[in-house]
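Chemist: no FASTA, just this:
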């Protein structure tokens, strides 16, 4: 679907449920002080990677890309190979009759169409994967829900048509985190939405995990992202703090935390609090991270490619200093931990 959002308006995402069984148990040494815990990564299949923007159209709103899920046991992080968890074929949504908004593009280039933009986990250990397709008739974001603990029949649903933003560019889901709260609201998915096909401006919104309904309304008081800033890589620590990365106009990535509770007396919105610049080998990072995830022990892990090797690697992050420490190669697009 052509996913576009305007403040004070609501949209709906494509929703898909896929039954998978999560496997993987390895043995170990590194992080032996922690209980055995699985770190998961998701990546497009080679066939999905090969799809180009000029070769697909709006019917991509009806189909999710094929993806692969891998896992690594923290206890064997340094020595063991990643384990194949699931290979999920492309899925067709059930409500194809719903109309999606399309606008033909004047310029087409032969570049990859599909991107995995987010990975997070609901409280029942259902994985939520956001995928975006750029096509010659629009850009579409879809949510794929995999149910790791069951073998229920695959279900799918496409979101309804969404109104245009003022600048008439396509909005996409660029980051997600399941926010746990002490109230009875249940799982809430907080997302970073790009209003320009992956570029700024960005805004924060809540996404209903059941309906896919998106709420970016002012009354929520979500922190405001400045027009020249990029916010990405949302994650939540075991103590409930929401972290992310932010890049300003200069493109230097830094670690930030989001304070949704203590509103600014001037704007009435939550705050984005700057923490530290991110660095590797005592040098500031030149590129943003790819993904962030907290283990149950409170260790922050990052997926990144600081040396432009065209292959992502796994790092641990010192939250106080911002320094990344290399652990191993991990050729996936996004990472997360299952709920413990």
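Modeler: Thanks, I have the structure now. Bear in mind the structure is a predicted one, so any value in this text is a computation, not a measurement.

Chemist: Can you give me the neighbour number for the closest residue to residue 43 other than its chain neighbours?
Modeler: Spatial nearest neighbour of residue 43, excluding adjacent residues (CB to CB, 6 or more residues apart in numbering): residue 332 at 4.5 Å. (Each C-beta comes from the backbone N, C-alpha and C, glycine too.) For residue 332, the count of nearby residues is 23 (other CB atoms under 10 Å).

Chemist: Let me know the helix or strand that residue 332 is in.
Modeler: Taking DSSP states H and E as the definition, one finds residue 332 inside no helix or strand.

Chemist: cool, and the one 4 residues further on?
Modeler: For residue 336, the element it lies in under DSSP H and E is strand 334-337.

Chemist: likewise residue 263?
Modeler: Going by DSSP H and E, residue 263 is not part of any helix or strand.

Chemist: quick one, phi/psi of it?
Modeler: Residue 263 adopts backbone torsions of phi -80, psi 150, taken as degrees, to the nearest 10.

Chemist: packing partners for the strand holding residue 336?
Modeler: strand 38-44, strand 114-121, strand 291-294, strand 300-304 (3 or more CB pairs under 8 Å, 6 or more residues apart in numbering; DSSP states H and E).

Chemist: quick one on the thing from earlier: surely the residue nearest to residue 43 touches residue 311?
Modeler: No - using CB atoms under 8 Å, residue 332 is not in contact with residue 311, being 10.0 Å away.

Chemist: those helices in this protein, which residues are they?
Modeler: Using DSSP state H, the helices of the chain run over 46-49.

Chemist: What about residue 123, how many residues nearby?
Modeler: 11.

Chemist: Test my guess that it contacts residue 338.
Modeler: No - the criterion here is CB under 8 Å, and residue 123 misses it with residue 338 at 10.9 Å.

Chemist: re the thing from before, each with direction, which strands does the strand holding residue 336 pair with?
Modeler: strand 38-44 (antiparallel) (DSSP bridges).

Chemist: now the partner strand against strand 300-304, angle please.
Modeler: Per axes from the mean of the first three to the mean of the last three CA atoms, to 10 degrees, the angle that strand 38-44 makes with strand 300-304 is 20 degrees.

Chemist: So what touches strand 38-44?
Modeler: 22, 24, 65-74, 77, 82, 85, 114, 116, 119, 127, 129, 293, 295, 301, 303, 314, 330-338 (CB atoms under 8 Å, 6 or more residues apart in numbering).

Chemist: which among those end up buried?
Modeler: Burial by neighbour count, 16 or more other CB atoms under 10 Å: within those this picks out 22, 24, 65-74, 77, 82, 85, 114, 116, 119, 127, 129, 293, 295, 301, 303, 314, 330, 332-337.

Chemist: what about the strands in the stretch 201-340 of the chain?
Modeler: Under the criterion DSSP state E, counting those that start in this stretch, strands of the stretch 201-340 of the chain are mapped to 213-215, 230-236, 242-247, 253-259, 271-277, 279-280, 283-284, 291-294, 300-304, 313-317, 323-329, 334-337.

Chemist: Relative to residue 175, which of these is closest?
Modeler: Residue 175 sits nearest to strand 230-236 of all the strands of the stretch 201-340 of the chain, at 4.6 Å, using CB to CB.
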